[in-house]
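A.B. asks: Provided below for reference: sequence and predicted model.
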Number of protein chains: 2
Amino acid sequence: MVDRERGVVVTIADVAAHAGVGAGTVSRVLNDSPRVSDRTRARVLAAIEVLDYRPNPLARGLSRGRCQTLGVVVPFFTHASAVERLRGVAAALDGSPYDLVLFNVESPVHRDEHFANLTRRDRADGLLIMSLPPPPRSLARLAAAGVPVVLLDTTGRGVPAVVTDDVEGGRLATRHLLALGHERIAFIGDDPDNPLGFTAGTSREAGYRETMADAGVKVPPGYVCHGPHVRAVARRLTEALLARRDRPTAVFASSDVQALGVLEAARAAGLDVPGDVSVVGFDDVEVSGYSGLTTVRQPLFESGKVAARILLDALDDGQLPEPREHRLGLELVERSTTAPPSGRRERGAPATPEKTVRAAKGLRKPARG
Amino acid sequence: MVDRERGVVVTIADVAAHAGVGAGTVSRVLNDSPRVSDRTRARVLAAIEVLDYRPNPLARGLSRGRCQTLGVVVPFFTHASAVERLRGVAAALDGSPYDLVLFNVESPVHRDEHFANLTRRDRADGLLIMSLPPPPRSLARLAAAGVPVVLLDTTGRGVPAVVTDDVEGGRLATRHLLALGHERIAFIGDDPDNPLGFTAGTSREAGYRETMADAGVKVPPGYVCHGPHVRAVARRLTEALLARRDRPTAVFASSDVQALGVLEAARAAGLDVPGDVSVVGFDDVEVSGYSGLTTVRQPLFESGKVAARILLDALDDGQLPEPREHRLGLELVERSTTAPPSGRRERGAPATPEKTVRAAKGLRKPARG
DNA sequence: TGGAACTGTGGAACCGGTTCCATTGACAGG
DNA sequence: CCTGTCAATGGAACCGGTTCCACAGTTCCA
């Protein structure tokens, strides 16, 4: 029971000895096997209590072939939207017997390293991959190893995914601005060939372009800007936009973080929002409510919760989860950064109550078997 | 190598067979033991390569008595300040062989459960406890089990801690307001008997009270308000304050989150900040820069990094870390929410460049052996 | 030239659980 | 009363590594 290096350790053998039974019986008690008499069970439980015994999770994992751990691969886990999703994941895991292991990814090297290490059941019983399109080879290896995978905010072959319809979100934002009477609408988004392969920005841009085209409104050259997903970059890009002779009357930013950069730029240029420029973001992170940002809300917390649930259910069933796509609803939250192009609202007036416009919501048929 | 339940698994025995050596030799190669000839080593490495072998971390952990995992116990890990600290922890862990396991705490039950489970070397090789004062019994058990512990933003007997001088921060904020000429300074902070025992708010309040007393300024009854650490609550408390006949001319909120609630309340009451009310926060989370909040900055990211480093060093040494207190510096970041009480700045004027005032910084002698 | 010292290696024991299998004893049915 | 069935249980084998121990072969020195 005492080990120089390991400190005081109570093992199953100690419990067995104390209760006067075999180790197998203790194990059966621990695992709620029905094949134990009530008398014996009581004795074992008493011994466990007295010795304050806790099974060693490593030994248990080794012999059962799983480790009661749920891995979450998440890029830049400190970004507001990732945090919000993680909170959902943690909420779903609460009360379950699984620990949450975080694999933070900030570069392709990180990503590949983690994927290489995680393609086995001994690191995590299930994997939740957030926002990163996983390399098909990794998915294949995970499937071969029998590790259930759920994607969140990305998609991949043969794997369930919880996603938002980014294209539709792009449409929603653009339609809102068009409806207000804007025509000179600029777009600020992610680099299409960003190192980790994020696609949300590109999809949102597609929705924007499509809607503009459908409305017969031309997008002037240079009105679509790309850059790393950082507030400062969005600010810089916007500054250039606002300095143009054909200054846009509205900017659709592909995320709230970027939209905040847009607001900064407008403020720095001495322009009124929404009087001179309207701004729409995407995500509805917590700050956005505070800053009065009009934005496309996606249910971040909910998405994390749903994805984790699917994973937990699969682990309970002992089967790989059904590879369907779970599409969560979007809605436009209209706050105080959008108005008609010429409209000049009085400043400091009490904010108008939020209005929301919903997009189609619900499940979709499997995309692929 | 193939198992119905576990998928394709390559074990050390497979590698040994393939290389024509014993399992022990493969293990020695894996662990960089010098007692292997170059020829043999090369053969083993080739076999590892060919079979794409990866050691099972559970088996390794079981036999070595540790699990290459670093546990972080963190209350409300999605709060802005916790996230910022976690980012520092993740940065320090990057490149180390340790995985990051998150134990989220949202209630005393959570906390006790986690502490009960973590007092063994088999769950995490080291523990980083954030913001939560750990129960002394748990600390004792962890020490007995030889699990190194580092506290971050709390303190405890015989355990190293990375802390900020919250009392001094309270002084800094209060002095700033007094220096501007304020006298009617209110304070909004956490409940002193909050369920998880956070003490930062109380310390900051102590600094505030002390400084007010030293300056000979009386704090009117009701000027010190407490409530759960949530923006909405701070807003509600502030609304009551601002409705008073002897309305405060300044509010010191014990965190930025709460300060944002204060700003909301002021805006809702139609009061100008800083014209009618000055507001100071604490933490300097990312949003604060954006909102122009004057605040006491504590190095959140840095603190996480430092704490994780101490833990990693201890794990390298194989010894418990030296129980000294590492005190990180504070500085007042003056932005645009504070001004002299009667002063009425022109609105929309370009923000003044940030000014910062530093507090004492550096290490302190051990608090206790 | 014999033996000590050292190197490289295989194999067994071990880490602490789970699970299969064999054994025991109780009880029912012929 | 003997046999078959079944519940309860002990104990061995196993999960996949690490590490200790023993041994063969080489080197070195007296």
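C.D. replies: On my side now, so go ahead. Numbering: from 1, shown residues only, chains lettered A, B, ... in the order given.

A.B. asks: mind checking pLDDT for residue A:144?
C.D. replies: At residue A:144, the pLDDT value in this model is 83.

A.B. asks: what number of neighbouring residues does residue A:338 come out with?
C.D. replies: 25 (other C-beta atoms under 10 Å in any protein chain shown). Heads up, the C-betas are built off the backbone N, CA and C, glycines and all.

A.B. asks: was I right about it contacting residue A:279?
C.D. replies: Yes - using C-beta atoms under 8 Å, residue A:338 is in contact with residue A:279, at 7.0 Å.

A.B. asks: mind listing the shared neighbours of those two?
C.D. replies: By C-beta atoms under 8 Å, 6 or more residues apart in numbering or on different chains, residue A:338 and residue A:279 have these common neighbours: A:250, A:294.

A.B. asks: all helices of the stretch 51-200 of chain A, in order?
C.D. replies: A:57-64, A:80-93, A:108-118, A:136-145, A:166-180, A:200-214 (DSSP state H, counting those that start in this stretch).

A.B. asks: which residues sit against the last one?
C.D. replies: Taking C-beta under 8 Å, 6+ apart as the criterion, the residues outside helix A:200-214 that touch it are A:131, A:153, A:166-175, A:178, A:185, A:187, A:189-192, A:194, A:218-219, A:224, A:226, A:229, A:252, A:254-255, A:282.

A.B. asks: just the buried members of these?
C.D. replies: A:131, A:153, A:166-175, A:178, A:185, A:187, A:189-190, A:219, A:224, A:226, A:229, A:252, A:254-255, A:282 (16 or more other C-beta atoms under 10 Å in any protein chain shown).

A.B. asks: need the pLDDT of residue A:295.
C.D. replies: The score at residue A:295 is 98. That number is its pLDDT.

A.B. asks: so who does it touch?
C.D. replies: Contacts for residue A:295 (C-beta under 8 Å, 6+ apart) come out as A:256, A:259, A:280, A:281, A:282, A:283, A:284, A:288, A:332, A:333, A:335.

A.B. asks: swap the cut-off to 7 Å and go again
C.D. replies: Shown in contact with residue A:295 (C-beta atoms under 7 Å, 6 or more residues apart in numbering or on different chains): A:256, A:259, A:280, A:281, A:282, A:283, A:284, A:288, A:333.

A.B. asks: distance of the residue positioned nearest the centre of chain A from DNA strand D?
C.D. replies: Nearest to the geometric centre of chain A sits residue A:85, at 4.2 Å (C-alpha atoms, centre = their mean). Using C-beta to the nearest atom of the strand, to the nearest Å, residue A:85 is found at 33 Å from DNA strand D.

A.B. asks: how about residue A:290?
C.D. replies: Where DNA strand D is concerned, residue A:290 sits at a distance of 51 Å (C-beta to the nearest atom of the strand).

A.B. asks: where's the closest residue to that residue other than its chain neighbours, which helix or strand?
C.D. replies: Nearest residue to residue A:290, sequence neighbours excluded (C-beta to C-beta, 6 or more residues apart in numbering or on different chains): residue B:260, at 6.1 Å. In this structure, residue B:260 sits in helix B:256-268 according to DSSP states H and E.

A.B. asks: what comes up buried for that helix?
C.D. replies: Buried, per 16+ other C-beta under 10 Å, within helix B:256-268: B:256, B:257, B:258, B:259, B:260, B:261, B:262, B:263, B:264, B:265, B:266, B:267.

A.B. asks: correct me, but the first one touches residue B:280?
C.D. replies: No - using C-beta atoms under 7 Å, residue B:256 is not in contact with residue B:280, being 9.8 Å away.

A.B. asks: could you list the contact residues of the stretch 101-250 of chain A toward chain B?
C.D. replies: A:101, A:102, A:104, A:120, A:121, A:122, A:123, A:144, A:145, A:146 (C-beta under 7 Å from any C-beta of the partner chain).

A.B. asks: roughly how far does the nearest residue to residue A:98 once chain neighbours are set aside sit from DNA strand D?
C.D. replies: Excluding the flanking residues, the one nearest residue A:98 by C-beta to C-beta, 6+ apart is residue A:70, at 4.4 Å. Separation of residue A:70 from DNA strand D (C-beta to the nearest atom of the strand): 20 Å.

A.B. asks: again, but for residue A:321
C.D. replies: In terms of C-beta to the nearest atom of the strand, residue A:321 sits 24 Å off from DNA strand D.

A.B. asks: doesn't that residue belong to a strand?
C.D. replies: No - counting by DSSP: H, G, I helix; E, B strand; the rest coil, residue A:321 is not found in a strand; it is coil.

A.B. asks: so it touches residue A:160, yeah?
C.D. replies: Yes - the criterion here is C-beta under 7 Å, and residue A:321 meets it with residue A:160 at 4.8 Å.

A.B. asks: nothing else from me, thank you.
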